[in-house]
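> here's my sequence, what's the structure:
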Amino acid sequence: MTTYFLDSSEEATTFDYGSSTPCQKMTIKTLGAKFLPPLYSFVFIVGLLGNLMVVLILTKYKRFKSMTNIYLFNLSISDLLFLFTLPFWIHYARQSDWVFGHTMCKILSGLYYMGLYSEIFFIVLLTIDRYLAVVYAVFAMKARRATFGIITSIITWCLSVLAAVPEFIFYESQNDMDMHICTPHYPIHNVDTWKRFHALRMNILGLAIPLAIMIICYTGIIKKLLNCRNDKKYKAVRLIFVIMIVFFLFWTPYNLTLLLSIFQASIFEGDCEKSNQLDVALQVTEVIAYTHCCVNPVIYAFVGERFRKYFCHFVRRHIVIHLCNYIPFLPGEKLERVSSISPSTGVQELSAAF
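You can find the predicted model right below:
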């Protein structure tokens, strides 16, 4: 969440630059109330439909025999957890008043960061999974079992909860003149320290460590593929590689802008205009980051060949056939015969198509 929503109230309204006049930020607040709700609503609708479809298809065709599919399933659950909190922030942005109470402020703030960190962690696990499958294929056949995927997923969710503990503890509904705001209430003597901790934690857990792991893994994968050209191995890597690249393209600007915003008082030295520009940049990069919830299902559809087949089969069998009852010119009998053939007949795991 941006400073406007989830950081201290003085960052949302004013900055006190010592003896200088406080920097008024009501324009930023008004701008956010006008443009953020429709943008976030679009992200919520598209992301919800896409990720629910991914979960439904993976569950419908029982493709949980491999670590890859287990991680993909958990990745979609992470996106849905993230999206679950979005309607509350939409209302908060529109009304500029937190009406959901103290407990919901804590829970929703914690769930927001749980969804964020769990998504990052599962993308890392997917990268490691692809690395083992390509570079250590013999070992991977024994190690990449569904049981191990379930165990590592449980551990990952536990780590995500631990990463979000500060949000569960510090976020509170507080009075701000005649309105309520949902912001962190840090210990008064360590406010700046906790703000820096928040920004550094986001950049370390959400950018630096995952990027380092992915660089190491994909360097090994590329070396292996250069020595052994195989179209199937290229397909196996392509999906996870695209997910990783898109994630960092969407989240890196926000993480770096957040880091810069924590130190803006000392960097800009009382320049109110630059401070306002940074706040606008923070809101813009956050909107870009939010859209990552919509992107993963699209990537599955366009990059995962087998997933696309499952999706088409699902649509024909459960949507188009029912429409035939109301639209006479649709070839219902032919569609029914085609949809009766399972796309899993004679094929292996869904992950084999990636």
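> what is the neighbour count of T252?
T252 is flanked by 17 other residues according to other C-beta atoms under 10 Å. (C-beta placed from N, C-alpha, C; glycine too.)
> just to check, it is in contact with L207?
Yes - the criterion here is C-beta atoms under 8 Å, and T252 meets it with L207 at 6.3 Å.
> any weak-confidence spans in the protein?
Low-confidence segments of the chain (pLDDT under 70): 1-29, 62-63, 229-236, 239, 265-271, 300-305, 318-354.
> again, only using 80
Low-confidence segments of the chain, defined by pLDDT under 80: 1-35, 61-65, 137-144, 176-178, 225-244, 263-276, 290, 296-354.
> domain assignment for it?
According to automatic domain parsing, the chain comprises the domains 3-303, 305-354.
> need the winner for burial among those.
Among these, the stretch with the highest mean neighbour count (mean count of other C-beta atoms under 10 Å) is domain 3-303, at a mean of 18.
> what about I222, helix or strand, and which?
Per DSSP states H and E: I222 is located in helix 209-227.
> to clarify, my last question referred to T183.
strand 179-184.
> where do the helices sit along the stretch 51-200 of the chain?
67-84, 86-95, 101-135, 137-143, 146-163, 165-170, 191-203 (DSSP state H, counting those that start in this stretch).
> from S66, how far out is I221?
Counting by C-beta to C-beta, to the nearest Å, the gap from I221 to S66 is 18 Å.
> what of F122?
In this view, F122 and S66 are 14 Å apart by C-beta to C-beta.
> A146 now?
Using C-beta to C-beta, one obtains 7 Å as the distance from A146 to S66.
> who touches both of those two?
Common neighbours of A146 and S66 are not found (criterion: C-beta atoms under 8 Å, 6 or more residues apart in numbering).
> what residues are up against N255?
M202, N203, G206, L207.
> now do H185
F170, Y171, E172, Q174.
> closest to V246 among the residues you listed?
The closest of the contacts of H185 to V246 turns out to be Y171 (C-beta to C-beta; 29.1 Å).
> tell me how far that closest one lies from R94.
Counting by C-beta to C-beta - Y171 and R94 are separated by 20 Å.
> do L86 as well
Using C-beta to C-beta, L86 is found at 12 Å from R94.
> and if you look at F307?
F307 is 36 Å from R94, by C-beta to C-beta.
> please apply the same query to Y117.
With C-beta to C-beta as the criterion, Y117 and R94 are 27 Å apart.
> kindly report the same for C272.
26 Å.
> what of L260?
L260 sits 27 Å away from R94, taking C-beta to C-beta as the criterion.
> same check on G50?
24 Å.
> what's the answer for I245, then?
Distance, I245 to R94, using C-beta to C-beta: 33 Å.
> can you check Y136 too?
Distance, Y136 to R94, using C-beta to C-beta: 51 Å.
> CA atoms only: put stretch 163-171 into PDB for me.
The C-alpha coordinates for stretch 163-171 follow below in PDB (Å, rounded to 0.1, in the frame of the first residue of the first chain):
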ATOM      1  CA  ALA A 163       7.000 -11.500   7.200                       C
ATOM      2  CA  ALA A 164       3.600  -9.800   7.700                       C
ATOM      3  CA  VAL A 165       3.700  -9.900  11.500                       C
ATOM      4  CA  PRO A 166       4.600  -6.100  11.800                       C
ATOM      5  CA  GLU A 167       1.500  -5.200   9.900                       C
ATOM      6  CA  PHE A 168      -0.700  -7.400  12.100                       C
ATOM      7  CA  ILE A 169       0.800  -5.800  15.200                       C
ATOM      8  CA  PHE A 170       1.200  -2.100  14.400                       C
ATOM      9  CA  TYR A 171      -1.600  -1.200  12.000                       C
END
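> any idea which element the spatially closest residue to A289 that is not a sequence neighbour lies in?
Among residues not flanking A289 along the chain, Y254 sits closest, at 4.2 Å (C-beta to C-beta, 6 or more residues apart in numbering). Applying DSSP H and E as the criterion places Y254 in helix 231-262.
> centre of the chain to that helix, how far?
11 Å (C-alpha atoms, centre = their mean, to the nearest Å).
> that helix to helix 209-227, inter-axis angle?
Angle, helix 231-262 to helix 209-227, by axes from the mean of the first three to the mean of the last three C-alpha atoms, to 10 degrees: 160 degrees.
> any idea how far the nearest residue to K195 once chain neighbours are set aside lies from T30?
With C-beta to C-beta, 6+ apart as the criterion, K195 has its nearest non-adjacent residue at 5.4 Å, and that residue is I262. Distance of I262 to T30, given as C-beta to C-beta: 24 Å.
> same check, this time on V54
Distance from V54 to T30, by C-beta to C-beta: 37 Å.
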